[in-house]
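Colleague: for reference, the sequence and a predicted model appear below.
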Amino acid sequence: MGRQFMVIFIAFCINMAGAPVGGAELWGLPKWVIDIFLVTGFAMILLTCMIGQLATQVNASHCMLDYINTYFAVFTFYTAMAIEFSGLMHVSYFIQKCVGWAAGKPIQSNEPPKSAAQAAFFWFRVVLSAVVLAFSLAVTLEGLFTGNTTMWDGVPNAVAVIIFFLLMSVVGLLEGMQIAFFAVAKLK
């Protein structure tokens with residue numbers, strides 16, 4: 001989960017760094033092309049996904065140890081481990097346990113059972129993560145409902161909220177598909 005948080009953070013930073021200045025023109029392209037690709041950020045999304053993420057993730061899925069064979073990659077690995085240890089993303093483990101319970105299948109692990117102190121620390125991080133998630137969602141929804149966003153002019157606030165949840169669903173589906181694609185790629 002620390003790695004996923006870093007991917008989101010890096011993608012956000014790249015999109016912010018590559019955003020065009022207001023009124024930018026490129027090669028005399030029509031305004032509608034510039035609006036679609038530059039104003040919306042669609043061009044940076046494609047560039048980030050295709051060049052920055054996809055190739056490295058495919059490489060890492062086949063050559064995991066070779067992939068961290070540089071000092072910067074080791075630094076990145078330790079940063080991801082620190083984020084994971086912080087518990088910032090631990091609410092996902094609670095969701096995993098709920099899905100396992102709902103399916104009637106217990107979650108199997110190769111780890112030994114947690115001691116009381118380890119279990120308390122784990123559940124503390126789950127609760128902390130849930131609080132951070134709830135606060136983040138509350139701030140995001142407040143911004144969407146009050147119109148404090150960069151949504152296009154003329155789009156009602158309620159539609160912005162619907163678009164937000166639709167896009168979040170698409171991201172979840174894409175993440176699930178990515179895991180499935182890499183699992184299938186390793187089948188012999």
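Modeller: Arrived safely. Residues are numbered from 1 along each chain as shown.
Colleague: which element, helix or strand, includes W27?
Modeller: With secondary structure defined by DSSP states H and E, W27 is part of neither a helix nor a strand.
Colleague: what about it, distance to V132?
Modeller: From W27 over to V132 the distance is 44 Å, taken as Cβ to Cβ, to the nearest Å. In this view, the C-beta of every residue, glycine as well, is placed from N, C-alpha and C.
Colleague: what residues sit buried inside stretch 12-30?
Modeller: With burial defined by 16 or more other Cβ atoms under 10 Å, the residues of stretch 12-30 counted as buried are I14.
Colleague: contacting residues around it?
Modeller: Residues from elsewhere that reach stretch 12-30 (Cβ atoms under 8 Å, 6 or more residues apart in numbering): I34, L38, V39, G41, M44, I45, L47, T48, G52.
Colleague: quick one, what contacts L128?
Modeller: By Cβ under 8 Å, 6+ apart, the neighbours of L128 are G87, L88, H90.
Colleague: so it is in which element?
Modeller: Using DSSP H and E, the element containing L128 is helix 116-146.
Colleague: show the subsequent helix or strand relative to that helix.
Modeller: Stepping forward along the backbone from helix 116-146, the first helix or strand reached (DSSP H and E) is helix 157-185.
Colleague: quick check: buried residues in that following helix?
Modeller: Going by neighbour count (16+ other Cβ under 10 Å), the buried part of helix 157-185 is A160, V161, F164.
Colleague: what's the average pLDDT for it?
Modeller: Per-region confidence: helix 157-185 scores 82 on mean pLDDT.
Colleague: which other helices and strands contact it?
Modeller: Using 3 or more Cβ pairs under 8 Å, 6 or more residues apart in numbering; DSSP states H and E as the contact criterion, the secondary-structure elements in contact with helix 157-185 are helix 55-62, helix 116-146.
Colleague: include mean pLDDT and distance to I107 when you put these into JSON lines, please.
Modeller: Listed next are the helices and strands packed on helix 157-185 as JSON lines, based on pLDDT from 0 to 100; distance: least, Cβ to Cβ, whole Å:
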{"stretch": "helix 55-62", "mean pLDDT": "66", "distance to I107": "23"}
{"stretch": "helix 116-146", "mean pLDDT": "93", "distance to I107": "13"}
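Colleague: to G100, which of those lies closest?
Modeller: helix 116-146 (14.6 Å; Cβ to Cβ).
Colleague: related to what we said a few turns ago, now, which of the contacts of stretch 12-30 sits nearest K186?
Modeller: In terms of Cβ to Cβ, no member of the contacts of stretch 12-30 lies closer to K186 than G52, at 22.7 Å.
Colleague: any idea of the pLDDT on the closest one?
Modeller: Looking at G52, its pLDDT reads 65.
Colleague: re earlier: quick one: which of the contacts of L128 has the most company?
Modeller: The most crowded member of these is H90, carrying 23 neighbours; neighbours defined as other Cβ atoms under 10 Å.
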